[in-house]
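Engineer: Please work out how this folds:
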Amino acid sequence: MEDYLDDSERLVHKIISGDAEAFRAVVDQNKRLVSHIVFRMVHNETDREDLCQDIFIRVYQNLSSFQFKSKLSTWIARIAYNTCGNYLEKKKIPLYEDIASNGGSIESHCDDSAPPDKQAELEDVSIRLRTEIDKLPAQFAAIITLYHLDDMSYREIGSIMNMPEGTVKSYLFRARKLLKDRLLTKYQMEDLWEASI
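Structural biologist: Next comes the predicted model:
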């Protein structure tokens, strides 16, 4: 693997040397990524903040072992994923459920130039989508989040989740299919209910 960014290397060396500002910069650069992973995998709201803090404590404690073989953000995401996986294991919450698969598109992007009623509709779709993503098995939710919301590659996700790229593709395919089926079933039933009133 190729070595990444001299800036990250300098930042890591500053942190190891005791530079608190450098660590704050790493936290600021990666808090969105960490919260995406935690919020998609862990549904207990009271534990989410503690997990985010635990993740950054682990990052700080293990920074000297970072070998610059991947992006720093990929390494941090792996710590986040593993920390959430350990939490779910302790709580006896399944990380993955074997579910049949197919494919589909998942993220709707709001267009600020759209008329207000269209914007409201797009925001409603986005809220529904995120709600259904939260109901997916933790591993599926994490893969969808990393791929579609954090724009990570199959290789990066595989590195974070310790699985081959092919498995990442397969799980993403299954997650999309499950999400699509749930959305179609739930919201077609809702439309039928509204039509009957």
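
Engineer: mind showing which ranges of the protein have poor pLDDT?
Structural biologist: 1-6, 93-123, 189-197 (pLDDT under 70).

Engineer: any idea which helix or strand carries residue 183?
Structural biologist: Assessed by DSSP states H and E, residue 183 sits inside helix 165-196.

Engineer: helices or strands up against that helix?
Structural biologist: Under the contact definition 3 or more C-beta pairs under 8 Å, 6 or more residues apart in numbering; DSSP states H and E, helix 165-196 sits against helix 116-135, helix 138-144, helix 154-161. Quick note: C-beta positions are derived from backbone N, CA and C, even for glycine.

Engineer: how about the shortest one as CSV, C-alpha atoms only?
Structural biologist: Output in CSV follows, covering the C-alpha atoms of helix 138-144 (Å, rounded to 0.1, in the frame of the first residue of the first chain):
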residue,chain,number,x,y,z
ALA,A,138,-25.7,-2.7,12.1
GLN,A,139,-23.2,-4.0,9.5
PHE,A,140,-25.5,-3.1,6.6
ALA,A,141,-26.1,0.4,8.0
ALA,A,142,-22.4,1.0,8.5
ILE,A,143,-21.6,0.0,4.9
ILE,A,144,-24.3,2.1,3.4
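
Engineer: The chain - how does it break down into domains?
Structural biologist: According to automatic domain parsing, the chain comprises the domains 6-90, 116-196.

Engineer: what would those look like in TSV with mean neighbour count?
Structural biologist: As requested, those are arranged in TSV below (neighbours: other C-beta atoms under 10 Å):
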stretch	mean neighbour count
domain 6-90	16
domain 116-196	16
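
Engineer: ok, residue 70 to residue 174 distance?
Structural biologist: In this view, residue 70 and residue 174 are 25 Å apart by C-beta to C-beta, to the nearest Å.

Engineer: centre of the chain versus the helix or strand containing residue 33, how much separation?
Structural biologist: Element membership for residue 33, per DSSP H and E: helix 20-41. Mean-position distance between helix 20-41 and its chain equals 12 Å (C-alpha atoms, centre = their mean, to the nearest Å).

Engineer: elements contacting that helix?
Structural biologist: Short answer (3+ C-beta pairs under 8 Å, 6+ apart): helix 20-41 packs on helix 6-16, helix 45-62, helix 72-90, helix 116-135, helix 138-144.

Engineer: now the angle between helix 72-90 and the first one, please.
Structural biologist: Orientation check (axes from the mean of the first three to the mean of the last three C-alpha atoms, to 10 degrees): helix 6-16 against helix 72-90 gives 60 degrees.

Engineer: chain center to the helix holding residue 183: distance?
Structural biologist: Remark: helix 165-196 is offset 18 Å from the chain centroid, using C-alpha atoms, centre = their mean.

Engineer: you'd agree residue 73 is up against residue 34?
Structural biologist: No. In this structure residue 73 lies outside contact range of residue 34 using C-beta atoms under 8 Å: 9.5 Å.
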